[in-house]
Every structure is written in structure tokens, then in C-alpha cells.
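In: Turn this into a model:
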Amino acid sequence: MLDPVSRVRRFNRAVTSAVGALDHSFLGRGRPLGAARVLNAIGHGRFDVGEVRDYLGLDSGLMSRLLRSLEDEGLIETQAHGDDARRRVASLTRAGKREFAAYEALSNTQAESFLARNAQVEALLAAMDLVASALTRDRIALAEMDPRSDEARYCLREYYAELGRRFKQGFDVSLSRDPDAKDMRRPRGSFIVAMSDTLPIGCVGLKGTEHGYAEIKRLWVAPSARGLGLGKRLMDAAENAARTLGIALLRLDTNSALPEAGQLYRTTGWREIPRFNDDPYPDLFFEKRL
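Out: Numbering: from 1, shown residues only. Just a heads-up that it's a prediction; the model follows:
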């Protein structure tokens, strides 16, 4: 039986081979993976050269060589940043945009072909999400978003679905308080989404009220990202948002069917209080003064 290190190395070899990471001509377009990844990052809106370098984890020397090769091919242009001459920004040329589109189509076809060869697609995708979250844990970004955005709605749908599975009586969001999250937008509140690259993997809402306190709502972390400390990061971000809005008292409710949530609250300065609302789902209530 393989030991854990051998299993990791087997996985690394399999991925390297499957995606063509060592091919001199990645996806048959005449350049290696490194240059293709830089082109992809710029095509997806990362124009600051320093941001692209950090996103891809490249050193300055390699980044300069890859940029130069793409410039020599006429695929990108670089120039000084408008506000800071020490920084450079890159953009795709017309030829670069065509090449980016070709890579996108080929990458999608490669992914579809890979999934089509496997019978356990959902299990495979869940495993991929788990690995990707673990490998990029230091790059998970928290961003304040409108709760009506696509990313926020995805998180909320997943959150409601999980409550429906875990609550004995199921879950109907229309019966909960503030079902449309209208009070989780500034200046009354805030809604924060955790992003792992392009995938939303967690959220939390800060809901303003007329009662001298605000509520923390809709805390959710994707199963693939649990155990990484993301729940606490989201709670800290919500508390910081409350401070910027001049809110000094926070309350929240939860259900004992979610013991991990209760444990998080009890270990981060929240204290249990009597019921303060008529929501039919919670049976535990907490408060924290900032």
C-alpha cells in the first residue's frame, strides 16, 4: 500500500501529464504552459504585471522572459502604469485576443473530454475542489459584493440547500428573516464573499436593523474549503465591516444541527443570550460587543 507521500507524488505526476504541463507546445499552440498561463491571466483581466506575477507564483526574472516572448510574438503590449511609472501593465493585442480565445476553447474541450471519460463526475469535481482549495488557501480573497451578484447568489443557494439537508424540518428561505438580503448592503450592512481564483467558496452577511444592533447572517463555507480557517476569516471581516459602519453590537442566531457554527462563535468572543427574534429555524442565540 502506498504511503501518503507516494500518493501525493503519484497525483502530481498524473496531473502534470494530463494537462500537458511539460509539453513544449501547450495545447498545440506553439508555446509552453508558462507563456500560455501569462496570456490567460492577462486575458482574464489581470493587467498589472506585478499582480500577474504574484497570481502565478513566478519570480521576476521568469516573468520578464515570458512577457518578452509574448511581446516578440505580437500577442501583448506593456507600458508604464498611468499612476505609478514604477509599475507596468500589460494588455492583449488583436492577435493576442485571438490566441486567448483559442486557448479558452481548447482548454474547455480538454476539460469536457476528461470529464466525459469518468463515470463519477460529481465525486471527481468535489475532489478537485478540495485539492484546489487546499493548494491555494493562501490566495483565497475576501471581497465585499452585492448579495444579488452571481457569486453571492451561488453561495446563498448552496447555503440554503445545505440547511435543507441538515435541518430535520428542512429549510424554506421565505420563512426566514430578510430572505432577499436587502439589508446586507451598504450603508445598512455588508455582504462578503470568499473567492478561490474564480470560484466562490464562502460568504457571510452583515444585516443592519433598527434595534441598536446588527446581525451576522448567512455564514457558509464550501465543504471543499472547510478546515482552512475560512469561517473565522469571514467572521472577522464581517466584524470589521460593522466597525466601519459604526456598529458596536452584533447578534446572530444558529441551529444546534450546526455544531461547528456554535463552536466557532463560542471560541471567538460571542456569548449566548435569550431568543431575540421569531425566526422558526434557530434555537441558539449569541451576542458580541465590538
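
In: only C-alpha atoms for contact and neighbour calcs from this point on.
Out: Will do.

In: any idea which helix or strand comes after the helix or strand harbouring residue 15?
Out: Using DSSP states H and E, residue 15 sits within helix 4-19. Sequence-wise, the next helix or strand downstream of helix 4-19 (DSSP H and E) is helix 33-43.

In: Please work out which residues outside that next one touch it.
Out: Counting by C-alpha atoms under 8 Å, 6 or more residues apart in numbering, helix 33-43 makes contact with 20-26, 47, 52, 56, 66-67, 69-70, 76, 90-92, 96-97, 100, 103, all of which sit outside it.

In: buried subset of those?
Out: By neighbour count, with 16 or more other C-alpha atoms under 10 Å, the contacts of helix 33-43 hold 26, 47, 52, 66-67, 70, 76, 90-92, 96-97, 100, 103 as buried.

In: Closest one to residue 245 out of the residues you listed, please.
Out: For residue 245, the closest of these turns out to be residue 47, at 32.1 Å, with distances computed as C-alpha to C-alpha.

In: That closest one reaches residue 91, doesn't it?
Out: Yes - counting by C-alpha atoms under 8 Å, residue 91 is a contact partner of residue 47 at 6.2 Å.

In: overlap in contacts of the two?
Out: If you check residue 47 and residue 91 against C-alpha under 8 Å, 6+ apart, no residue is contacted by both.

In: Specify the angle between the longest helix along the chain and helix 33-43 in degrees.
Out: The helix spanning the most residues in the chain, taking DSSP state H as the definition, is helix 94-116. What separates the directions of helix 94-116 and helix 33-43 is an angle of 110 degrees, with axes from the mean of the first three to the mean of the last three C-alpha atoms, to 10 degrees.

In: Offset the numbering so it begins at 2, please.
Out: All set: I'll call the first residue 2, so the last point we hit is now helix 95-117.

In: helix or strand right after helix 95-117?
Out: Moving toward the C-terminus from helix 95-117, the first helix or strand encountered (DSSP H and E) is helix 122-136.

In: Direction included, what does the following helix or strand past that following helix pair up with?
Out: For helix 122-136, the succeeding helix or strand toward the C-terminus, using DSSP H and E, is strand 142-145. For strand 142-145, sheet partners with direction are given as strand 191-197 (antiparallel), following DSSP bridges.

In: Would you mind listing the buried residues in the strand it pairs with?
Out: By neighbour count with 16+ other C-alpha under 10 Å, strand 191-197 contains the buried residues 191-197.

In: Residue 131: which of those residues is nearest?
Out: Out of the buried residues of strand 191-197, the one with the shortest distance to residue 131 is residue 197. That distance is 11.1 Å, counting by C-alpha to C-alpha.

In: The closest residue in space to that closest one that isn't next to it in sequence and residue 267: what is the separation?
Out: Leaving out its chain neighbours, the residue that sits closest to residue 197 by C-alpha to C-alpha, 6 or more residues apart in numbering is residue 141, at 4.8 Å. Distance of residue 141 to residue 267, given as C-alpha to C-alpha, to the nearest Å: 25 Å.
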